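*Asks:* Provide a 3D model corresponding to the input given below.
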Amino acid sequence: MTDSAASKAGARPRRSALYLPGSNARAIEKARTLPCDVVILDLEDSVAPEAKTAARALACEAVRLGGFGPRELVIRANGLDTPWGREDLAAAAEAASDAVLVPKMTAPGDLAACRAALGPKVPLWAMIETARAVFALDALGAASADQGVACWVIGTNDLVKEMRCRLGPDRGPLKPALSLAVLAARAHGLAILDGVYNDIPDLDGLAAECAQGADLGFDGKSLIHPTHLEIANRAFAPEPQAVTWARTVVAAFDSAENSGKGVLKVEGRMVERLHLAEARRLIAVAQAIEGLETG
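*Replies:* Numbering: from 1, shown residues only. The predicted structure is shown next:
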């Protein structure tokens, strides 16, 4: 990958991805004004069985109407093993959402089946939320690259349920799975979002979990309430000092006297071209966020 290509890879901000019930017209209308990077119109967990068909129609109509500005608009479908999944994918493909998020991917064949049902044009996102998925991360990553998957979303609630673990504030039992998922996503060129924080009024706890997610390498966090947006946006934005350093690194490599060099000493620190690629990406992310927030 060239430096310029590296700078563009992963540069789209996905700091905050807000789930909204596809059945809630007022919430969908409000989402058009919220400071989130991604809106996920949910047809799965947050919608009762008797409301699935109506929610699908409402979500797809919202996509067709538009008005979400620069926000990425994603429909989360029901699984293909449910009575609604296949129709969800067909309707989402016709509505042409920015992506379709499919749940409980456990094997490469699951992604291939979803791609076949969705058609070739709409990007896929995939939920990583089962014990089987954790043990198949590399295979799922390779299949994701083949099937046009742009992003993984960790389903921490489902993982906790399957593991039967006791989850404390540091998410200790989940850390191995979270780190492995980030590694697999990076190995296959995918964006990856952390799971939701369930305690809506506990903003201090949310901030701590966002900081942990950023430290682990996640691109952003999936969220369940608008009050969580500001904290997630702040936590997953590049730190100003990091952007300043990135610009210093780029300027050093771009200077005429350093043309063709692979390793430089910049302000007393050794930097290589691998640092240059990441510096360009970080600057691109910061510029994209600035564009979102000013435009």
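
*Asks:* Which stretches in the stretch 51-200 of the chain count as strands?
*Replies:* 72-76, 99-102, 124-128, 149-154, 191-194 (DSSP state E, counting those that start in this stretch).

*Asks:* got JSON lines for those strands, with mean neighbour count and mean pLDDT too?
*Replies:* The way it works is simple: take the backbone N, C-alpha and C, and place the C-beta from them, glycine included. Shown next, in JSON lines, are the strands of the stretch 51-200 of the chain (neighbours: other CB atoms under 10 Å; pLDDT from 0 to 100):
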{"stretch": "strand 72-76", "mean neighbour count": "25", "mean pLDDT": "98"}
{"stretch": "strand 99-102", "mean neighbour count": "26", "mean pLDDT": "98"}
{"stretch": "strand 124-128", "mean neighbour count": "25", "mean pLDDT": "98"}
{"stretch": "strand 149-154", "mean neighbour count": "26", "mean pLDDT": "98"}
{"stretch": "strand 191-194", "mean neighbour count": "26", "mean pLDDT": "98"}
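
*Asks:* Tell me who's in contact with A145.
*Replies:* 188-190 (CB atoms under 8 Å, 6 or more residues apart in numbering).

*Asks:* Kindly apply the preceding question to R71 instead.
*Replies:* Counting by CB under 8 Å, 6+ apart, R71 has contacts 31-32, 36-39.

*Asks:* mind checking pLDDT for it?
*Replies:* For R71, the model assigns a pLDDT of 95.

*Asks:* Make sure V271 is indeed in a strand.
*Replies:* Yes - assigned with DSSP: H, G, I helix; E, B strand; the rest coil, V271 falls within a strand.

*Asks:* Hmm, it is touching G262, no?
*Replies:* No - contact between V271 and G262 fails when scored by CB atoms under 8 Å: they sit 10.0 Å apart.

*Asks:* follow-up on the earlier one: tell me the most packed of the contacts of A145, by neighbour count.
*Replies:* Within those, neighbour counts (other CB atoms under 10 Å) peak at L190, which reaches 22 neighbours.

*Asks:* could you measure the residue positioned nearest the centre of the chain against L18, distance?
*Replies:* In the chain, the centroid-proximal residue (CA atoms, centre = their mean) is L193; its distance is 3.7 Å. Counting by CB to CB, to the nearest Å, the gap from L193 to L18 is 11 Å.

*Asks:* repeat for D215
*Replies:* 22 Å.

*Asks:* between those two, who's got more neighbours?
*Replies:* Using other CB under 10 Å as the criterion, D215 and L18 rank with L18 on top: 26 against 9.

*Asks:* if I pick that one, what's in contact with it?
*Replies:* Residues counted as contacts of L18 (CB under 8 Å, 6+ apart) are 31, 34, 36, 38-40, 222-224, 226, 228-229.

*Asks:* try 10 Å this time
*Replies:* 27, 31, 34-42, 71, 196, 221-226, 228-229, 232 (CB atoms under 10 Å, 6 or more residues apart in numbering).

*Asks:* Also P240?
*Replies:* Residues counted as contacts of P240 (CB under 10 Å, 6+ apart) are A286.

*Asks:* ok so, going back, quick check: ChimeraX command selecting the buried ones in the contacts of L18.
*Replies:* Buried residues within those, by 16 or more other CB atoms under 10 Å, are selected in ChimeraX with:
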select :27,31,36,37,38,39,40,41,42,71,196,221,222,223,226,228,229,232
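
*Asks:* Helices - which of the contacts of L18 land there?
*Replies:* Counting by DSSP state H, the part of the contacts of L18 found in helices is 27, 31, 229, 232.

*Asks:* which one among these gets closest to L180?
*Replies:* When those are ranked by distance to L180 (CB to CB), A232 comes first, at 22.4 Å.

*Asks:* In this structure that closest one contacts L34, no?
*Replies:* No - if you go by CB atoms under 10 Å, A232 and L34 don't touch, sitting 11.8 Å apart.
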